[in-house]
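# Quick check, what structure comes out for this input:
(chains A and B)
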Amino acid sequence: MRETFVNTTITLLDEDPRTAVVLADISADAFAAAHRRHPDRVLNVGIREQLMTGVAGGLALTGLRPYVHSYAPFLIDRAYEQIKLDLGHQDAGAVLVSIGASYDASAEGYTHQSPGDVGLLDTLEGWTVHVPGHPDEVPPLLRDAARNDDRIYVRLSSQHNTRAYERTGRLQVLRRGWAGAPVVLAVGPMLDPVLAATRELDVTVAYTMTPRPLDGAGLRELVSREVIVVEPYLAGTSSRLVAAALSDVPHRELHLGVGRAEQRRYGTPADHARWHGLDPAGLRASITGFLDRPAA
Amino acid sequence: MTATAVKPNLLGTLLTRLTGDEKHAPSAFSTLDVLWVLYDRILRVHPETADEPDRDRFLLSKGHGPAAYYAVLAAKGFIPVAWLDDLGGPESRLGHHPDRVLIPGVEIGTGSLGHGLGLAAGTALGLRAQGYDARTFVLLGDAELDEGSNHEAIAYAAAARLDKLTAIVIDNQSSTHGWPGGIARRFPGWTTSVVDGRDHDAIEEALLARGEDRPHVVVAVVEPKG
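Numbers count the residues shown, from 1 in each chain, chains lettered A, B, ... in the order given. Reported below is the predicted structural model:
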């Protein structure tokens, strides 16, 4: 997905004089040629993530459209107050594009992981969050972002599904169970593990690559009784929005995602998925346990 | 010669209409003369051009104690004088820290320290990228320089040769641990001026100065914070 991001953004730089890229050394080599062509719009501020976001805010205030890029923990966690004040409070827009996600950098350890990034943005107003599930889903998201001045976060990951889906702000039903069947909502790269985990279960599987704003109306149409949300970031991040969407529906919710406990283990992203119960076997165990449990 | 000496009736009257900011009053008045010189003699921006893309920008990073800022904005016609009577009120546009969304002519909303210089660097970069011959001024306090984010911006602004960026540091010696060797030394790669922050002609001369290929910092020294 990072390569797709780089290629799409370089094309935007060539096509649209409003586009600017702000980096803090991460991926600077990939933009070196673009920097030579557009030295005033490809800006590498060095390892200065607070400044990276402040510069983006200033660029936006002059009318440019900044794409800001780094590892998720540096882009979101470290620069949270700059995101809150230098963008949101100024009513300035930017496109934040992260790599690393929750545990792509599994061997690098917790310093390079950001399971809480979407939760942090959820404390702020007006952020659209895209969590693409396939590299081919990335270019339309970035191109659409060039046409407005909104505050947009694109969470890229090295984990992805086997196929891409069309971009839509609505939930997409990819497998439909019996009328009233439990609904499993998969976000971004959690789709393939969810499809594998529920292959023999009578459930409806829905997918979104844009969890913010959450398609609450779409969820309301689907859910009759049980809903299970599977997110590739902190478990329960979407619980507030799901509860609001289903406030008039007696229902049960299960929220699966990355746990809060720090693993202090390295290994591969697949290892971390397993430790967090997000591999197909872990998901199946959680989902069947939830569905087999009688409602109180 | 101070701003209140030059405009004894105007600014003095406007400031007395502002109430409820006792906590930040010393900070507010430390900036008064620099703000007046900026708006009266330097900035190419007026109420009628406040939305023009090629206007000069002034960013108040030190959002604490904005009474002087509001008084100058009112004196120059950016905001109605009547707004000064309701500082911090439930329906007021004027808070104890300024909000750009609420106040015409205000370029950034500030209050949390250490944000203005980064935004100013981005503003100067954006203006340069679009070919505008506009200057960007940002005002900070000496204690605000304690925030590490400023030093990210100081280093990068010099590296990026932002020759149309001018930082103004109001030095009322309020930094807890001070700046041994002087504040100007904290801006490597910048051109520097150190002036009496109450001397209008000296302030004007310093603000008109610019490095050929580097940003400029003006340290305006005023009486120590009481």
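# And the strands in chain B, which stretches?
Here chain B has its strands, by DSSP state E, at B:57-60, B:136-141, B:165-171, B:191-196, B:216-221.
# Make TSV out of those and add distance to chain A.
All C-beta atoms are positioned from the backbone trio N, CA, C, and that covers glycine. Formatted as TSV, the strands of chain B follow (distance: least, CB to the nearest CB, whole Å):
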stretch	distance to chain A
strand B:57-60	8
strand B:136-141	8
strand B:165-171	10
strand B:191-196	21
strand B:216-221	17
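# out of those, nearest to residue B:106?
strand B:57-60 (7.6 Å; CB to CB).
# Output the closest one as CSV - backbone C-alpha positions only.
C-alpha atoms of strand B:57-60 as CSV (Å, rounded to 0.1, in the frame of the first residue of the first chain):
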residue,chain,number,x,y,z
ARG,B,57,0.3,37.4,7.7
PHE,B,58,0.6,38.0,11.4
LEU,B,59,0.4,35.0,13.7
LEU,B,60,0.1,35.5,17.5
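# Make a markdown table from the strands of chain B and add mean pLDDT to it.
Below are these laid out as a markdown table (pLDDT from 0 to 100):
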| stretch | mean pLDDT |
| --- | --- |
| strand B:57-60 | 98 |
| strand B:136-141 | 98 |
| strand B:165-171 | 97 |
| strand B:191-196 | 97 |
| strand B:216-221 | 98 |
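# Mean neighbour count added to those strands, as CSV?
Converted to CSV, these look like this (neighbours: other CB atoms under 10 Å in any protein chain shown):
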stretch, mean neighbour count
strand B:57-60, 25
strand B:136-141, 26
strand B:165-171, 28
strand B:191-196, 18
strand B:216-221, 24
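# Looking at these, which is nearest to residue A:263?
strand B:136-141 (41.8 Å).
# contacting residues around the spatially closest residue to residue B:193 that is not a sequence neighbour?
Nearest non-adjacent residue to residue B:193, counting by CB to CB, 6 or more residues apart in numbering or on different chains: residue B:206, 3.7 Å away. Each residue near residue B:206 by CB atoms under 8 Å, 6 or more residues apart in numbering or on different chains is listed here: B:193, B:195, B:218, B:220.
# just the residues you listed now: which is nearest residue A:26?
Closest to residue A:26, out of all of the contacts of residue B:206 and judged by CB to CB, is residue B:218, at 34.6 Å.
# which regions of the chain sit below the pLDDT cut-off?
Chain wasn't specified; assuming chain A. Within chain A, the ranges that satisfy pLDDT under 70 run A:294-296.
# you looked at the wrong chain, it should be chain B
In chain B, residues with pLDDT under 70: B:1-9, B:19-28, B:226.
# Can you name the residues of it that neighbour chain A?
Residues of chain B lying close to chain A (CB under 8 Å from any CB of the partner chain) are B:53, B:99-101, B:107-110, B:112, B:115, B:117-130, B:132, B:148-149, B:152-153, B:155-156, B:159-160.
# filter those to the buried ones?
By neighbour count, with 16 or more other CB atoms under 10 Å in any protein chain shown, the residues of chain B next to chain A hold B:99-100, B:107-110, B:112, B:115, B:117-130, B:132, B:149, B:152-153, B:155-156, B:160 as buried.
# Please report how far residue A:238 lies from residue A:155.
From residue A:238 across to residue A:155, the span is 14 Å (CB to CB, to the nearest Å).
# Neighbour count: those two, which is higher?
Per other CB atoms under 10 Å in any protein chain shown, whichever of residue A:238 and residue A:155 has more neighbours is residue A:155, with 30 against 27.
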